[in-house]
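> After the sequence you'll find the predicted model.
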Amino acid sequence: MVELRDAAPYVSMSNIYAAAGEWDNVGKVNMVMRERGVRKLQHTVGLKLKHKIHVFRANDKSHPQIGKIRGKIDVLANHMGKEGYKPDTSCTLHNEEEEIKAESLKYHSERLAISYALISMPAWTPTVVMENVRACTECHTAIKFVSKIVEREITVRDSSRFHHFRDGFYSCGDYW
């Protein structure tokens, strides 16, 4: 028997089970991955600022300015709610309460990086962040709202394409 070392098929299978609410099978897939030493690529987002790369991970609290970053996210979330934004927790494939899912989405790596750019760069500066995997649909929607609220161009380069946001719109008309 050949053992798979590539995490992609395991992650896909786990996501299929999670979307179907089959949490026992998600656990089994994760156990097989651990037994075989298979690790999935950790989702990271980078932002270059003043010749330094800042790296963010979802719900990461290690950045020296994390208090200000999270504060900015909270302010943005309040404005987004007033604009009609509602988090889509269906993309969080975890067996948790809806409030916990929504809170986790709020601190995804893209949002941490963009919020850091907003508190660290002049208002007229376009924001460009790079991520090593594909952006989730929830962050895509949230970034549209943020681009409108802060009146700034935001470009996210993920593993598949460039996502360009301006004034609450995505450059491809939401063909994502």
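Yep, that arrived. Residues are numbered from 1 along each chain as shown.
> Could I get the buried residue list for stretch 131-144?
Neighbour-count burial for stretch 131-144, counted by 16 or more other CB atoms under 10 Å, picks out Glu131, Val133, Ala135, Cys136, Glu138, Cys139, His140, Thr141, Ala142, Ile143, Lys144. Yep, even glycine has a C-beta here, placed from its N, CA and C like the rest.
> The second one: what secondary structure?
Of the three states, Val133 takes coil under DSSP: H, G, I helix; E, B strand; the rest coil.
> That one against Asp158, yeah?
Yes - counting by CB atoms under 8 Å, Val133 does reach Asp158; the two are 6.6 Å apart.
> In the protein, mark out all the strands, start to finish.
For the chain, the strands defined by DSSP state E cover 45-49, 52-56, 127-131, 154-157, 162-166, 169-170.
> Mind giving me the packing neighbours of the shortest one?
Going back to what we said before, that points to strand 169-170. Where contact means 3 or more CB pairs under 8 Å, 6 or more residues apart in numbering; DSSP states H and E, strand 169-170 is packed against helix 137-150.
> Quick check: can you list the domain ranges of this protein?
For the chain, the TED database gives the domain ranges 7-36, 44-170.
> where does the protein have low pLDDT?
For the chain, the stretches with pLDDT under 70 are 1-5, 89-96, 98, 101-102, 172-176.
> show me the contacts for the residue nearest in space to the middle of it.
The centroid of the chain falls nearest to His108 when counting by CA atoms, centre = their mean (4.0 Å). The neighbourhood of His108, defined by CB atoms under 8 Å, 6 or more residues apart in numbering, consists of Ala58, Asn59, Cys136, Glu138, Cys139.
> Contacts only, for the closest residue to Glu110 other than its chain neighbours.
Once flanking residues are discounted, Glu110 sits nearest to Cys139: 4.6 Å by CB to CB, 6 or more residues apart in numbering. Applying CB under 8 Å, 6+ apart, we find Cys139 in contact with Leu105, His108, Glu110, Arg111, Val156.
> Kindly report the same for Ser159.
Residues near Ser159 by CB under 8 Å, 6+ apart: Glu131, Asn132, Val133, Arg134.
> gap between the last one and Ala117?
So that's Arg134. Applying CB to CB, to the nearest Å, the value for Arg134 to Ala117 is 20 Å.
> Next, report how far stretch 35-45 is displaced from the centre of its chain.
When distances are taken as CA atoms, centre = their mean, to the nearest Å, stretch 35-45 is centred 16 Å away from the chain's centroid.
> Return the alpha-carbon coordinates of it using CSV.
Below are the C-alpha coordinates for stretch 35-45, written out as CSV (Å, rounded to 0.1, in the frame of the first residue of the first chain):
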residue,chain,number,x,y,z
GLU,A,35,-0.1,8.7,12.1
ARG,A,36,1.4,9.2,8.6
GLY,A,37,3.2,12.4,9.5
VAL,A,38,1.3,14.4,6.9
ARG,A,39,1.0,18.1,7.7
LYS,A,40,-1.1,20.6,5.9
LEU,A,41,0.4,23.9,4.8
GLN,A,42,-0.3,26.6,7.4
HIS,A,43,-2.1,29.5,6.0
THR,A,44,0.0,32.6,6.3
VAL,A,45,-0.3,36.2,4.9
